[in-house]
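Participant: All I have is the shape, not the residue letters:
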């Protein structure tokens, strides 16, 4: 059973202690300071005498040192004279351990009543240096047993074990396709062992991407592994492939590069290309077709030079698009007419058609039944297919003589002006003339429509006309405009009447008795008036009484109602 003991002290390293047949065996590390425990590390009694000695190779015993109370005496006269010492617990310290220290050491403890003896067999182990691969093969030939390399694990004790892996899996010697030959050599000066493992391997195509490595295993662990390495495997071409390289879908006018690729290693340096049935041999793996047309659509092949059995083929389609519209340039039509637009297209595949009007997208093909001014604009049709795009356009102009749709008047916000509004349709853009002078304002001309306003201050009743015209004709409309001053007089009269009624109301409130009397008189007169009206009276001016009487009757009637 293995156990590890750690001792804290100058230049002291851990050791491994083994128990076997009454003789303790421990393992120390090469080049380090080894601590050998006395009496298995049991605390020593006081007032003792301790002596350490060792068994020489010739079978005799050699003294190392003696410790008495607080003093230590080095007895060794050989190599140990400068390498041994003792701890407070009487353990033996051996500095710079080497393989010559693999001996049996004896600790003698002398007390007043007894002599205690313990023996320890010391083994010195060393982990190998990290393994390296030498004599690495430059490349491997398919199916041929080849020395892949040698893996070296240097300076170990005991000797390291070396193994090989492929893609992380161990390789086993089968004596045919895999042969592993290990060799161990011992350094005569240090006694350390170097292990060299030679791998012979039969490669195949599958080994092109394989990763090989070797590792060294030792009792002091852990395993040490080399960096993975790969090899180029030489094998002949068994088949080829043909690639068609273009920038996007192939269309007329493009250049096409044909690339022939063999699966051998190294690949072939020349190929035969078959262009429209004609063989072309090139010292390269590519051949370029310049400015292809739709007639170049067809099957293309490549093969090994002189070997038509190893061949590959690809079909090439050269896309083309021919498109147009039945209308082009500037198309002028009269408002209300019908216009038909036809789409013409011929292509190697499905064509997507989209429309815009004045750069605004349309949902479908425009129809021009009974043209309106709003139909005027620039129409563009885009044809697209497999990287091909064509655009065709026409400009539609809808013309018509001007027509006045409305002529209105409104009072200005300040009440001191009048605004006349003339709304017109027509194309080309109509000119607008007023029969009077004033401050005019014109709206934007959109979809054949324009609105013209004029601000005026009429001092008398007027008839104002709006005349519109373009190259195709004219239209005139008039409107009556009353004087602002007469309108103000009427407003003043109404205001005066309102003020008089207010004064009468105040007078009536002041003379209650007079109002009551007047009400009785008015009631009587009204009764007589109604009675005679029912009898057909008041048909002539004479029978109806004088205009003054009628006026008084009307006033009294109003007072009664008030």
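Facilitator: It's in. These numbers were taken from a predicted model, which means no experiment stands behind them. Numbering: from 1, shown residues only.
Participant: The helix or strand hosting residue 382: which residues count as buried?
Facilitator: Assessed by DSSP states H and E, residue 382 sits inside strand 377-385. Buried residues in strand 377-385, defined by neighbour count with 16 or more other CB atoms under 10 Å: 377, 379, 380, 381, 383, 384, 385. All C-beta atoms are positioned from the backbone trio N, CA, C, and that covers glycine.
Participant: Excluding its own residues, what touches that strand? List them.
Facilitator: Applying CB atoms under 8 Å, 6 or more residues apart in numbering, the contact partners of strand 377-385 are 319, 321, 323, 325, 341, 343, 345, 347-359, 366, 389-396.
Participant: and it, which strands flank it?
Facilitator: Strand 377-385 has the following strand partners under DSSP bridges: strand 352-357 (antiparallel), strand 388-411 (antiparallel).
Participant: can you give me the mean pLDDT across that strand?
Facilitator: Mean pLDDT, strand 377-385: 93.
Participant: And the strands in the stretch 251-400 of the chain, which stretches?
Facilitator: Applying DSSP state E, counting those that start in this stretch to the stretch 251-400 of the chain gives strands spanning 256-262, 271-275, 278-282, 286-289, 298-304, 307-316, 321-325, 329-334, 343-347, 352-357, 360-362, 377-385, 388-411.
Participant: From the chain's centroid, how far away is the shortest one?
Facilitator: In terms of CA atoms, centre = their mean, to the nearest Å, the centre of strand 360-362 is set 30 Å apart from its chain centre.
Participant: ok, now the fourth one?
Facilitator: In terms of CA atoms, centre = their mean, the centre of strand 286-289 is set 35 Å apart from its chain centre.
Participant: cool, the fifth one as well?
Facilitator: If you compare the mean C-alpha spot of strand 298-304 with that of the full chain, they lie 39 Å apart, counting by CA atoms, centre = their mean.
Participant: what sits up against it?
Facilitator: Strand 298-304 has contacts (CB under 8 Å, 6+ apart) with 237, 240, 242, 244, 258, 260, 262, 268, 271-276, 287, 309-316.
Participant: Kindly report the same for the second one.
Facilitator: Outside strand 271-275, the residues within contact range by CB under 8 Å, 6+ apart are 240, 258, 260, 262, 279-282, 284-285, 287, 289, 300-306, 308.
Participant: And the residue lying closest to residue 429 once chain neighbours are set aside, its phi and psi?
Facilitator: In this structure, residue 429 finds its nearest non-sequential neighbour in residue 445, 5.0 Å apart by CB to CB, 6 or more residues apart in numbering. With angles defined as degrees, to the nearest 10, residue 445 sits at phi -90, psi 110.
Participant: Just confirm residue 445 contacts residue 428, I think it does.
Facilitator: No: using CB atoms under 8 Å, residue 445 makes no contact with residue 428, being 9.6 Å away.
Participant: Please pick the buried ones from the contacts of strand 271-275.
Facilitator: Buried members of the contacts of strand 271-275, counted by 16+ other CB under 10 Å: 240, 258, 260, 262, 282, 285, 287, 289, 300-304.
Participant: now, which of the residues you listed sits nearest residue 30?
Facilitator: Checking the buried ones among the contacts of strand 271-275 against residue 30 by CB to CB gives residue 262 as the nearest, at 55.6 Å.
Participant: what about that closest one, distance to residue 233?
Facilitator: From residue 262 across to residue 233, the span is 14 Å (CB to CB, to the nearest Å).
Participant: In CSV, list the buried ones among the contacts of strand 271-275 along with pLDDT.
Facilitator: Listed next are those as CSV, based on pLDDT from 0 to 100:
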residue, pLDDT
240, 95
258, 94
260, 94
262, 92
282, 94
285, 94
287, 94
289, 93
300, 93
301, 94
302, 94
303, 94
304, 93
